[in-house]
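> Any chance you could fold what I've pasted below:
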Amino acid sequence: MELVLVIVIVGLLGAIAGPRFFNNSTFEERAYYDELASSVRYAQKVAVASGCRVRVSLAANSYELRQQAALGGHCDAADLTFPQPVLLPTGQTVSGVAPSGITAGPPLVIVYDGLGRTNLAANQAINVGPWSMLIEAESGLVVTP
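Have a look, this model is predicted:
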C-alpha cells in the first residue's frame with residue numbers, strides 16, 4: 001500500500017513539475033528583459049561620456065543602439081541619421097534579438113542627449129512578458145524591480 005502511494009505521489013509530481021523543467025521560456029524572457037535594461041542604461045552612459053546623442057531603437061523582437069557621427073573631434077549636432085553603431089569595450093555592437101516567442105513593447109525610439117536626458121515627453125514603460133521597466137523622461141533613469 002505504501003509503495004503504491006509513493007508511486008502515485010511521484011507520478012503526480014512528475015506530471016505537474018516535470019514540464020516546468022523542460023520549458024525555459026520564462027528564463028529566456030527574464031534574460032532578454034535584463035539584457036534590454038542593461039543596454040538602455042549603457043546607451044545613457046555612452047551619451048554622457050561622449051557628449052554625443054545615442055539612439056535606442058526598440059522593435060517588438062529586437063533593439064539597436066546607434067550614435068551620432070563625429071565631426072572634427074566633436075559630435076555633428078546636425079546629424080540625425082545616427083550612422084555609428086554603439087560598441088561594447090570588446091568591439092561588439094550593442095544590439096539584440098529576442099528569443100523565439102518573446103516580444104518587448106511598445107516599439108519606440110529613445111534618444112539620449114549628452115546630459116543623459118531622453119527625448120520622451122513622459123515616462124515610458126517597456127514590457128517584456130510580465131516584467132516592466134520604467135524610463136524616466138527627464139533624467140533618463142531606467143527603473144527596474
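> who's in contact with residue 54?
For residue 54, the contact set (C-beta atoms under 8 Å, 6 or more residues apart in numbering) comprises 43-44, 46-47, 65-68, 82, 86, 111-112. From N, CA and C alone the C-beta is placed, and that goes for glycine too.
> Bridged to it, which residues?
Applying DSSP bridges to residue 54 gives these bridge partners: residue 67, residue 112.
> gap between it and residue 47?
4 Å (C-beta to C-beta, to the nearest Å).
> hey, what's in contact with both of those two?
Counting by C-beta under 8 Å, 6+ apart, the common neighbours of residue 54 and residue 47 are 67, 112.
> Please identify which helix or strand holds the spatially most central residue of the chain.
Centroid check for the chain by C-alpha atoms, centre = their mean gives residue 36 as the closest residue, at 1.1 Å. Take DSSP states H and E as the rule and residue 36 turns out to sit in helix 25-50.
> Point out where this structure drops to low pLDDT.
Applying pLDDT under 70 to the chain flags residues 18-23.
> for it, what spans make up the helices?
Along the chain, counting by DSSP state H, helices occupy 2-22, 25-50.
> ok, and which of these has the densest surroundings?
Among those, helix 25-50 has the highest mean neighbour count (mean count of other C-beta atoms under 10 Å), at a mean of 18.
> ok now it, how far from the chain's centre?
4 Å (C-alpha atoms, centre = their mean, to the nearest Å).
> which helices and strands does it pack with?
Secondary structure elements in contact with helix 25-50, counted by 3 or more C-beta pairs under 8 Å, 6 or more residues apart in numbering; DSSP states H and E, are strand 54-58, strand 62-67, strand 95-97, strand 104-105, strand 108-112, strand 124-128, strand 131-135, strand 142-143.
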